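S.K.: I need the structure of the sequence given here:
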Amino acid sequence: MQKNNFTEFLIEKGLFLTAIFSIIMILIIILFILIEGFPAIQEYGFLNFIFGMNWAPSEGEFGVFPMIIGSICVTLLSLLMAVPLSLLCAIFMAEVAPNNVKKFLKPTIETLSGIPSVVYGFFGLIVLVPIMRETFGGTGFSMFTASLILTVMVLPTIISISQDALKAVPNEYREASLGLGATSWQTIKNIIFPAALPGIITAIILGMGRAIGETLAVIMVAGNVALVPNSIFSPLRTLTSNIALEIGYATGIHHNALFGTAIVLFLIIIILLLVANYMQHKYKIDAGSGYL
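M.R.: Numbers count the residues shown, from 1 in each chain. Below is the predicted model:
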């Protein structure tokens, strides 16, 4: 008995130390980014840095507003395409598909999540860019091309977590709904989906984080022009691409400005996560009051 208690004590303290270590590492990373990026923001001015329209390090201009717009637009457009496809696929796999189909689809989707981003980017560069160029004109490097690549990249994350959320809904919900005369589709739409909505929102949050943080694949197909896009077929540059493209040769205030870009990206992610977590909490309460 004492041996079991001692083992549980060690496991509990080990998990606690692991959690504390994770928090400390995150704080160190945040502190490092702030220390490196603050000089550029202080010298150039916070509002000028955030809302400046020109990014020209050789001329001492460090406005990141075009990259902010580019990051948000390409992320939202990719989610606009990925979320409906992911949810329909997750519903099919969790509620409709026979077992032999599930055995084929699940490992296929998991394989998509394991493909390196450089492979996605290379596919977009060789296949999608020429198609976009011939179909819509221009160079083919555009927000839409980058969004298509990101759509494929975030599909596995949203599908897998949404499927788990749907499968976690108690079978009593399904049986009660079908017992009252509802069809299978009515049960999915009115009972299962609302009950699984908090988990589905979590899936969308993680997919959004994957999309806004992606770098290499976006660099290869987005065009990397530091201008506000005027259409979905315009080239753009994201915040992550801006850092990756210039960090290798940046020095002085330019180096600090790139870390300032990382601070802006970090703030955007925090804002998006706060909004998404608020929605998740709200729908969790609504689902709980309505069905539990």
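
S.K.: hey, let's count contacts and neighbours off CA atoms from now on
M.R.: Will do.

S.K.: other residues contacting stretch 254-272?
M.R.: 33-34, 36-41, 50, 57, 62, 64, 68, 209, 239-240, 242-243, 246-247 (C-alpha atoms under 8 Å, 6 or more residues apart in numbering).

S.K.: out of those residues, which end up buried?
M.R.: 33-34, 36-41, 50, 62, 64, 68, 209, 239-240, 242-243 (16 or more other C-alpha atoms under 10 Å).

S.K.: among those residues, name the ones in helices.
M.R.: Among the buried ones among the contacts of stretch 254-272, the members found in helices (DSSP state H) are 33-34, 36-41, 50, 68, 209, 239-240, 242-243.

S.K.: farthest pair within those residues?
M.R.: 39 and 209 (27.2 Å; C-alpha to C-alpha).

S.K.: which regions of the stretch 151-292 of the chain sit below the pLDDT cut-off?
M.R.: Residue ranges of the stretch 151-292 of the chain with pLDDT under 70: 280, 283-292.

S.K.: again, only this time at 50
M.R.: By pLDDT under 50, the low-scoring segments of the stretch 151-292 of the chain are 289-292.

S.K.: can you show me the helices along it?
M.R.: Using DSSP state H, counting those that start in this stretch, the helices found in the stretch 151-292 of the chain span residues 171-179, 184-187, 193-213, 216-221, 239-246, 252-291.

S.K.: can you redo these as CSV with distance to residue 98?
M.R.: Formatted as CSV, the helices of the stretch 151-292 of the chain follow (distance: least, C-alpha to C-alpha, whole Å):
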stretch, distance to residue 98
helix 171-179, 17
helix 184-187, 15
helix 193-213, 19
helix 216-221, 35
helix 239-246, 41
helix 252-291, 27
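
S.K.: how about stretch 161-168: buried residues?
M.R.: Counting neighbours by 16+ other C-alpha under 10 Å, stretch 161-168 gives 161-167 as buried.

S.K.: pLDDT value on residue 66, please?
M.R.: Residue 66 is assigned 92 on the pLDDT scale.

S.K.: now for the helix or strand where it lies, which elements pack on it?
M.R.: Take DSSP states H and E as the rule and residue 66 turns out to sit in helix 65-91. Contacts defined by 3 or more C-alpha pairs under 8 Å, 6 or more residues apart in numbering; DSSP states H and E place helix 65-91 against helix 46-51, helix 143-167, helix 193-213, helix 239-246.

S.K.: now do the buried residues in that helix.
M.R.: Applying a neighbour-count criterion of 16+ other C-alpha under 10 Å, the buried positions in helix 65-91 are 65-75, 77-79, 81-83, 86-87, 89-91.

S.K.: any idea how far apart the tips of stretch 107-121 sit?
M.R.: The distance separating the two terminal residues of stretch 107-121, taken as C-alpha to C-alpha, to the nearest Å, comes to 22 Å.

S.K.: list the contacts of it.
M.R.: Outside stretch 107-121, the residues that touch it by C-alpha under 8 Å, 6+ apart are 149, 153-154, 156-157, 216-221.

S.K.: pLDDT on it, on average?
M.R.: On average, the pLDDT along stretch 107-121 is 87.

S.K.: list the buried ones in it?
M.R.: Of the residues in stretch 107-121, those buried by neighbour count under the rule 16+ other C-alpha under 10 Å are 112-113, 117, 120-121.

S.K.: how far is it from where the chain is centred?
M.R.: In terms of C-alpha atoms, centre = their mean, to the nearest Å, the centre of stretch 107-121 is found 15 Å from the chain centre.

S.K.: ditto for stretch 179-193
M.R.: In this view, stretch 179-193 has its centroid 31 Å away from the chain centroid, taken as C-alpha atoms, centre = their mean.

S.K.: using CSV, write down the CA coordinates of it.
M.R.: Coordinates of the C-alpha atoms in stretch 179-193 are reproduced here as CSV (Å, rounded to 0.1, in the frame of the first residue of the first chain):
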residue,chain,number,x,y,z
GLY,A,179,-36.9,6.6,-30.7
LEU,A,180,-38.9,9.8,-31.0
GLY,A,181,-39.2,9.3,-34.7
ALA,A,182,-36.4,11.6,-36.0
THR,A,183,-34.5,10.5,-39.1
SER,A,184,-30.7,9.9,-39.0
TRP,A,185,-30.0,13.3,-40.6
GLN,A,186,-32.3,15.1,-38.2
THR,A,187,-30.5,13.4,-35.3
ILE,A,188,-27.1,14.4,-36.6
LYS,A,189,-28.2,18.0,-37.4
ASN,A,190,-30.3,18.8,-34.3
ILE,A,191,-28.8,16.5,-31.6
ILE,A,192,-25.3,15.2,-32.2
PHE,A,193,-23.7,18.2,-34.0
